[in-house]
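Visitor: could you work out the structure for the sequence below:
(2 chains)
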Amino acid sequence: MSSSPSAPLLVVEGVTLQYRTPSHVVTATHRVSFGVTRSDRFVILGPSGCGKSTMLKAVAGFVKPVEGRIVLNGTTVDRPGPDRVVVFQEFDQLLPWKTVKDNIMFALTASGRLRRTEAEERARQYIEKVRLTEFAGSFPHTLSGGMKQRVAIARAMAMEPEILLMDEPFAALDALTRSRMQDELLQLWEDTRSTILFVTHSISEAIRIGTRILLLSAHPGRVKAEIDSTGEDSADAAGRRLSERIHHLLFDQEQVHADA
Amino acid sequence: MPMPERVHSYSVQRTADLEIVEKPVGAVRRLYENGTARKILLLILLALIWEGYARWLDNPLLVPTLSATSAALLESTRSGELPRAVAYTLLLLAKGYLAGLGLAALLTAFASLSRIGADLLETLTSMFNPLPSIALLPLALIWFGLGDASIIFVLVHAVLWAVALNTHAGFRAISPTLRMVGQNYGLSAAGYITRILIPGAFPSILTGLKVGWAFAWRTLIAAELVFGVSSGSGGIGWYIFEHKNQLLIPNVFAGLLTVILFGLFVEHVIFRTIEDRTVRRWGMQT
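Guide: Down below sits the predicted model:
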């Protein structure tokens, strides 16, 4: 398969995902398709129960599609791998028995990306990027929530993966920290131009983070629309702001939920 | 209607104006706040009571004085009798403890691989956990004869269940996120076990090791006491038993004191050090 610069890096084609609870088989997404181009900041946006997190885990290789396929760079995804690194929402994604620096080095050496000395140098660079240099020797339990997420982002970015998968990474942070982290992520992106697949349930976060936004409906998740974003909640020709349009698209025929 | 503008003014007192910002507490108060100091004080008090009571009783066959016990302890240590007994006990303990750990590792691995294995572990543990290891000694003597093998068998029983159950519980309690992180970075199966599962479960594993140690130590001393009846040489338990027969009660007390001191040493020095360097440092204490 040729990968010309304009061809999408990640292709998700008619993917149906299901998961099992003790009593039911739940369909999380139904025949969802989209493509992510290199250096996109692609946001999957939808209410709870739209299967956006499950979709991200499928791209990561933790969940297998029951229908359709996921192709990264011409290769079908069938297991987790270090070319698709996930940043989770939970703070416990850092190994508590390793310092900040060792957490990042662990990722680099465990995956066989780098040898120890190179890994140490790379870890130092990325710790500096997220401005945690003075905490390089600290253990995760001594850090604040925002700092932990910055370490997780540094660890993921240090891997320099094909695509960075972010599963509501700022959802557990307070509003102020959250807003600052969004700015920092955008700055980091300016630096690295990584391809990012970002999952969120917040319309404002999606507009701020995304260059493109995929809207999913809930129960099961289906594609409602795919729209471009400039990062501004600007008004269109008809005078409707982007957030209003998204809200309308998501909750059109349904009961209107307030965005959290 | 326009609201009238209100200006609040606060007069902030400068630190220098305050009478007391920080003041050292008295030496006695500070000593009392120190847990170790309090306990040492208690120990001295208890030692004095012991010495006083033993002198008043004046019957070394029932309660020897602290000074007589200390003299016996020193004498036995100098003659090499007590160190030999301690070494014998420790060697036996190490053999039984390690064999128990090995079996526990096997059992836990089996339990982690399949649901049947997990059920087996849970069933066996709930069956054997309430059974005091020492109760198996008569049976062990029939199976393995008079010798270390019987004691090691009993020790294995003391260690195995506590360690296997705690380790297994620790593995199961590792968060799904941490598991996914391990898989995400492409660890091999062996790497996943040694770099994610074992450190992730370490607080529980350590609890298992501590409980296993406590069971093993008490079982071993008891087994030696029983075993001593039928065997010529032995460890601390045998030392206590033998001196009781010779009515050398200060030596009996010296033996008991050794058991206490060694137990305290392992629990409060060895395990505490391991905890300080691992789970406490990592903020993983349960």
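Visitor: going by C-alpha atoms from here, please, whenever you check contacts or count neighbours.
Guide: OK.
Visitor: who touches the helix or strand harbouring A:Glu190?
Guide: Using DSSP states H and E, A:Glu190 sits within helix A:175-192. Here helix A:175-192 makes contact (Cα atoms under 8 Å, 6 or more residues apart in numbering or on different chains) with A:129-130, A:146, A:150, A:170-171, A:205, A:208-209.
Visitor: buried ones in it?
Guide: Under the neighbour-count criterion of 16 or more other Cα atoms under 10 Å in any protein chain shown, helix A:175-192 has A:178, A:181-182, A:186, A:188-189 buried.
Visitor: wait, a helix at A:Phe198?
Guide: No. Counting by DSSP: H, G, I helix; E, B strand; the rest coil, A:Phe198 is not found in a helix; it is strand.
Visitor: residue contacts, it?
Guide: A:Phe198 neighbours (Cα under 8 Å, 6+ apart): A:41-44, A:165-168, A:210.
Visitor: out of the buried residues of helix A:175-192, who's nearest A:Leu249?
Guide: Proximity of the buried residues of helix A:175-192 to A:Leu249, judged by Cα to Cα, is greatest for A:Gln182, which lies at 24.1 Å.
Visitor: can you pull the pLDDT of the closest one?
Guide: With respect to pLDDT, A:Gln182 has a value of 93.
Visitor: now do it against chain B, distance only.
Guide: Distance of A:Gln182 to chain B, computed by Cα to the nearest Cα, to the nearest Å: 22 Å.
Visitor: centre of the chain versus the lowest-mean-pLDDT helix or strand in chain A, how much separation?
Guide: The weakest-scoring helix or strand in chain A, judged by mean pLDDT, DSSP states H and E, is helix A:242-251 (a mean of 85). Chain-centre distance of helix A:242-251: 21 Å, with Cα atoms, centre = their mean, to the nearest Å.
Visitor: from the contact counts, what lies against that helix?
Guide: helix A:203-209, strand A:212-217, strand A:222-228 (3 or more Cα pairs under 8 Å, 6 or more residues apart in numbering or on different chains; DSSP states H and E).
Visitor: so where's chain B shaky on pLDDT?
Guide: Scanning chain B for pLDDT under 70 picks out B:1-21, B:227-233, B:286.
Visitor: what does it put close to chain A?
Guide: B:175, B:177-178, B:180-181, B:183-187, B:191, B:199-200, B:278-279, B:281-284 (Cα under 8 Å from any Cα of the partner chain).
Visitor: mind listing what's buried along stretch B:67-87?
Guide: Buried residues in stretch B:67-87, counted by 16+ other Cα under 10 Å: B:68-70, B:72-73, B:76, B:82, B:84-86.
Visitor: quick one: the helices in chain A?
Guide: Using DSSP state H, the helices of chain A run over A:52-60, A:100-110, A:116-129, A:145-158, A:175-192, A:203-209, A:242-251.
Visitor: same deal with the stretch 101-250 of chain B?
Guide: Under the criterion DSSP state H, counting those that start in this stretch, the stretch 101-250 of chain B contains helices at B:115-128, B:137-144, B:148-172, B:176-184, B:189-192, B:198-200, B:202-228, B:236-245, B:249-265.
Visitor: before we move on, the earlier item: quick check: of the contacts of A:Phe198, which has the highest neighbour count?
Guide: Per-residue neighbour counts (other Cα atoms under 10 Å in any protein chain shown) across the contacts of A:Phe198 peak at A:Val43, which has 29 neighbours.
Visitor: how far does the helix or strand harbouring B:Asp276 sit from its chain's centre?
Guide: Counting by DSSP H and E, the element that carries B:Asp276 is helix B:271-277. The chain centre lies 11 Å from the centre of helix B:271-277; the measure is Cα atoms, centre = their mean.
Visitor: send me that helix as CSV with only the CA atoms.
Guide: Once non-C-alpha atoms are left out, helix B:271-277 reads as follows in CSV (Å, rounded to 0.1, in the frame of the first residue of the first chain):
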residue,chain,number,x,y,z
PHE,B,271,10.5,-5.4,57.2
ARG,B,272,10.3,-1.7,58.2
THR,B,273,13.4,-1.0,56.1
ILE,B,274,12.0,-2.8,53.1
GLU,B,275,8.7,-0.8,53.5
ASP,B,276,10.5,2.5,53.8
ARG,B,277,12.5,1.9,50.7
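Visitor: outside of the helix or strand following that helix, which residues touch it?
Guide: Next helix or strand after helix B:271-277 toward the C-terminus (DSSP H and E): helix B:279-282. Helix B:279-282 has contacts (Cα under 8 Å, 6+ apart) with A:96-98, A:139-141, B:202-203, B:275, B:285.
Visitor: contacting residues for B:Ser76?
Guide: By Cα under 8 Å, 6+ apart, the residues touching B:Ser76 are B:82-83, B:251.
Visitor: now it: which helix or strand?
Guide: Assessed by DSSP H and E, B:Ser76 sits inside helix B:66-79.
Visitor: now the angle from that helix to helix B:249-265?
Guide: 80 degrees (axes from the mean of the first three to the mean of the last three Cα atoms, to 10 degrees).
Visitor: neighbours around residue 127, how many?
Guide: Using chain A here. Using other Cα under 10 Å, A:Ile127 has 23 other residues around it.
Visitor: the intended chain is chain B.
Guide: Around B:Met127 there are 11 residues (other Cα under 10 Å).
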